[in-house]
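J.: Please find the sequence and the predicted model below.
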Amino acid sequence: MEEAREVFYRICPRCARAVPLASSERYCTNDGTRLLEACPGCGARITSPYARFCGRCGREFRLETRALEDKAGQGGLG
Ligand SMILES: [Zn+2]
Ligand SMILES: [Zn+2]
């Protein structure tokens, strides 16, 4: 009598915050980034709140926002 019920999560690609898929949260409450509901590469559901990579295709979720962070690294301390 085992019921295999999987729980899925949404993950923030910027700060790796996770919320259950059952929640109505669509955007990260920390930074306003749109949460990933599934892997942007292959569409697989996210089954762990600690996932940083897709378990199916190995895509890194953080890659989605890496381009935004790059421009913050330029310039020197005044
Ligand atoms: Zn976030
Ligand atoms: Zn994937």
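T.: Thanks, I have the structure now. Numbers count the residues shown, from 1 in each chain. Ligands and ions are numbered 1, 2, ... in the order given.
J.: How many neighbouring residues does residue 11 have?
T.: Residue neighbour count, defined by other C-beta atoms under 10 Å, stands at 24 for residue 11. Placement of C-beta: from N, CA and C, glycine included.
J.: can you give me the helices in this protein?
T.: 63-70 (DSSP state H).
J.: For it, which residues are neighbours of ligand 1?
T.: The chain has residues 12, 14, 15, 17, 28, 30, 31, 33 near ligand 1, with proximity defined as C-beta under 5 Å from the ion.
J.: So which of those residues is surrounded by the most neighbours?
T.: Neighbour max across those (other C-beta under 10 Å) = residue 12, 24 neighbours.
J.: my guess is it meets residue 35, correct?
T.: Yes. Residue 12 lies in contact with residue 35 (C-beta atoms under 8 Å); the separation is 5.5 Å.
J.: check contacts around the spatially most central residue of the chain.
T.: The C-alpha lying nearest the average C-alpha coordinate of the chain belongs to residue 11 (C-alpha atoms, centre = their mean; 3.0 Å). Counting by C-beta atoms under 8 Å, 6 or more residues apart in numbering, residue 11 makes contact with 17, 18, 35, 36, 46, 49, 51, 61.
J.: In a markdown table, list these along with pLDDT and distance to residue 6.
T.: Shown next, in a markdown table, are those (pLDDT from 0 to 100; distance: C-beta to C-beta, whole Å):
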| residue | pLDDT | distance to residue 6 |
| --- | --- | --- |
| 17 | 94 | 20 |
| 18 | 96 | 15 |
| 35 | 96 | 18 |
| 36 | 95 | 17 |
| 46 | 96 | 10 |
| 49 | 95 | 13 |
| 51 | 93 | 13 |
| 61 | 91 | 18 |
